[in-house]
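Trainee: Give me the fold of what follows.
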Amino acid sequence: MRLALVRMPFRPRRSALAVEPRAFGVYLLLVAGIAAIGVSVVAGRFAWSGELLDGAGLKLGGFVLLAWVLRGYRWSGPAAALEATCLMLAISLVSPLCAVVAATAAWPIADRVLAAADAALFFGFDRRVFVTGFDRWPLPFAATNWIYNSIIVQPFAVILLLVGIDDQRRLWRFVLAWIIAVAVAIGVSALVPAYGTPPYALKFMDILTGARDGSLTTLGVDAISGIITFPSFHAAGAVMLAWGWWGVPRLRVAGLVLNALMMASALIVGGHYLVDMVAGSLVALAAIGLSCRLVR
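Mentor: Residues are numbered from 1 along each chain as shown. Presented below is the predicted three-dimensional model:
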């Protein structure tokens, strides 16, 4: 008499604490950013106000450790979702402060150069004429602001969806590309600082001015804002997010449309020049290409 073999439900087996090797590049750049902030504080350029940030950092670190434990128990999907989410949150906290530190270089404001580049390269394009009066239309202006701010939530949606379809290679390429693009944008913006032209979706002018003239003396939650004009990180983010959504077959068209609108919103309410958008897009393409070579 032959006995049928019954497949038992999967029971994860415990192994050693497991770190995701494809995330090493993300950790390396994140630590470099934290070190840059630390050096500026130790050197006396800024005081540190960590009332909220210190607690957030400890919590994120704890959740990362939990992700490593989950991976050690062979729960790869939840571990990847948790770790990537924590890293993206950490990037969103560290990168604005790094941009403030970089702005202390106080290179000449480049608005005239960028406006002239728009006119020379794009057939006399003048953003101020293009957006004049747009803020007088409450509903379209509010919708454009919402689309512009979707960059806050979209990365986390992409992370969860890529984990859901079990495409962790694209997931880690996406996160690495994001932090590479952030690092490049911060470095370039230090050399080409600019204010852009109103209307603005973010209140950043006082932060950028304070970093440049020394009136901003404390790094903390109040110093977190988007102060990068050239290259546009919203344009870079739109390209990287569209690439991330493309990995989810049923949502790729929706992702492309949303991020095309987000790129347009950066021109309308983000204070950006058209040349900012082109530069940001090129940064994103280079970051994606590099991350695809590094993450196998």
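Trainee: use CA for all of it now, contacts and neighbours both
Mentor: OK.
Trainee: Which helix in the protein has the most residues?
Mentor: helix 76-103 (DSSP state H).
Trainee: next structured bit after that one?
Mentor: With elements assigned by DSSP states H and E, the helix or strand that comes after helix 76-103 is helix 111-121.
Trainee: Count the residues that sit near residue 60.
Mentor: Other residues near residue 60 number 19, with proximity taken as other C-alpha atoms under 10 Å.
Trainee: who touches it in this structure?
Mentor: Shown in contact with residue 60 (C-alpha atoms under 8 Å, 6 or more residues apart in numbering): 86-87, 90.
Trainee: now it, what's its secondary structure?
Mentor: Classification of residue 60 by DSSP: H, G, I helix; E, B strand; the rest coil places it in helix.
Trainee: if we can go back for a sec, gap between the longest helix of the chain and the chain center?
Mentor: 8 Å (C-alpha atoms, centre = their mean, to the nearest Å).
Trainee: any low-confidence regions in the stretch 51-200 of the chain?
Mentor: Applying pLDDT under 70 to the stretch 51-200 of the chain flags the ranges 133, 135, 199.
Trainee: 50 instead, please
Mentor: By pLDDT under 50, the stretch 51-200 of the chain has no low-scoring segment.
Trainee: Would you convert the contacts of residue 60 into JSON lines that also reports distance to residue 119 and neighbour count?
Mentor: Listed next are these as JSON lines, based on distance: C-alpha to C-alpha, whole Å; neighbours: other C-alpha atoms under 10 Å:
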{"residue": "86", "distance to residue 119": "42", "neighbour count": "21"}
{"residue": "87", "distance to residue 119": "39", "neighbour count": "22"}
{"residue": "90", "distance to residue 119": "38", "neighbour count": "18"}
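Trainee: Show me the helices in the chain, by range?
Mentor: 24-42, 53-72, 76-103, 111-121, 127-131, 138-149, 154-164, 168-191, 205-213, 233-246, 252-268, 274-294.
Trainee: could the contacts of residue 60 go into TSV alongside distance to residue 26?
Mentor: As requested, the contacts of residue 60 are exported to TSV (distance: C-alpha to C-alpha, whole Å):
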residue	distance to residue 26
86	11
87	8
90	10
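Trainee: nearest residue to residue 79 other than its sequence neighbours?
Mentor: Nearest residue to residue 79, sequence neighbours excluded (C-alpha to C-alpha, 6 or more residues apart in numbering): residue 67, at 4.3 Å.
Trainee: got a list of what that neighbour touches?
Mentor: By C-alpha under 8 Å, 6+ apart, the contact list for residue 67 reads 78-80, 82-83.
Trainee: what about it, distance to residue 114?
Mentor: When distance is defined by C-alpha to C-alpha, to the nearest Å, residue 67 is 44 Å away from residue 114.
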